[in-house]
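1. Here is a sequence together with a model predicted from it:
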Amino acid sequence: MEERKERISKTEYYLRIASMVAMRSTCLKVKFGAIIVDDDGVILSTGYNGSARGSFNCDDLNYCLQEHLGSRGFFDYCIAVHAEENAVINAARSGAKIKRATLYLAASADSTPKQIERAYEWLNKGPCFRCRRILINAGIKEVVTPYKRWTFNDLVDLEREWFENAYRKARENKG
């Protein structure tokens, strides 16, 4: 009798789906995919990072605008809507209720070694300040990556910490 393979966990299942969603990304730096899942395990929405619907994207141009224009800040010249943002937007477009749902975020399964390195760094830090605010206001109860989990309260704490640091820097610069 053939040895039975162990069934993958639900977390692994959803992260693999998010990784496949990421393969649709039009970003040249890192391809991310996100899925939003309710408490019953139903996938409510998906999203990947890329430019706005109908506009040019870096993949079509084979040219990363952000890398060639420089950046004063984290996202100054990036035209991409993040995977988390697109998952929330797509849920809104379809009327899905995502309050108290879980968001799974992963990099593309076909990433280059450099993209994997960037993805690992970003997936360990948690959602960026832009996405964090959207996820908090949407009521997402948890964010799961292959490396970490953040509860709603963790996201709020990260946001408070970011704000306190920004406020302190602003006061120091005011002098």
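-> Structure's in. What do you need?
2. The helix or strand bottoming out on mean pLDDT in the chain: how far from the chain's middle?
-> Lowest mean confidence among the helices and strands of the chain (mean pLDDT, DSSP states H and E): helix 65-69, at a mean of 72. For helix 65-69, the separation from the chain centroid amounts to 21 Å (computed by CA atoms, centre = their mean, to the nearest Å).
3. May I see the buried residues of the helix or strand just after it?
-> Heading C-terminal from helix 65-69, the first helix or strand you meet, by DSSP states H and E, is helix 83-94. Across helix 83-94, burial judged by 16 or more other CB atoms under 10 Å covers 83, 84, 85, 86, 87, 88, 89, 90, 91. Glycine gets a C-beta too; all of them are placed from N, C-alpha and C.
4. Check the residues you listed and tell me the two furthest apart.
-> 83 and 91 (12.7 Å; CB to CB).
5. what about the spatially closest residue to residue 150 that is not a sequence neighbour, neighbour count?
-> Nearest residue to residue 150, sequence neighbours excluded (CB to CB, 6 or more residues apart in numbering): residue 143, at 4.6 Å. When counting by other CB atoms under 10 Å, one arrives at 24 neighbours for residue 143.
6. ok, now residue 130?
-> 14.
7. Just the element for it, please.
-> helix 129-138.
8. neighbouring strands for the helix or strand following that helix, and are they parallel or not?
-> Next helix or strand after helix 129-138 toward the C-terminus (DSSP H and E): strand 142-144. Sheet pairing of strand 142-144 (DSSP bridges) gives strand 102-107 (parallel), strand 149-151 (antiparallel).
9. Can you say which of the ones you listed is nearest to residue 166?
-> Closest among those, using CB to CB: strand 149-151, at 19.6 Å.
10. In the closest one, which residues are buried?
-> residue 150.
11. could you check the angle helix 129-138 makes with the helix or strand that it is followed by?
-> Next along the chain after strand 149-151, taking DSSP H and E as the criterion, comes helix 152-174. For helix 152-174 against helix 129-138, the angle by axes from the mean of the first three to the mean of the last three CA atoms, to 10 degrees is 130 degrees.
12. ok, back up a step: out of the strands paired with strand 142-144, nearest to residue 113?
-> Closest among the strands paired with strand 142-144, using CB to CB: strand 102-107, at 11.7 Å.
13. Give me the mean pLDDT for the closest one.
-> Strand 102-107 shows a mean pLDDT of 97.
14. what's next to that strand, contact-wise?
-> Contacting residues not belonging to strand 102-107 are listed as 11, 14-19, 22, 30-37, 83-84, 87, 115-116, 119-120, 123, 127, 135, 140-146 [CB atoms under 8 Å, 6 or more residues apart in numbering].
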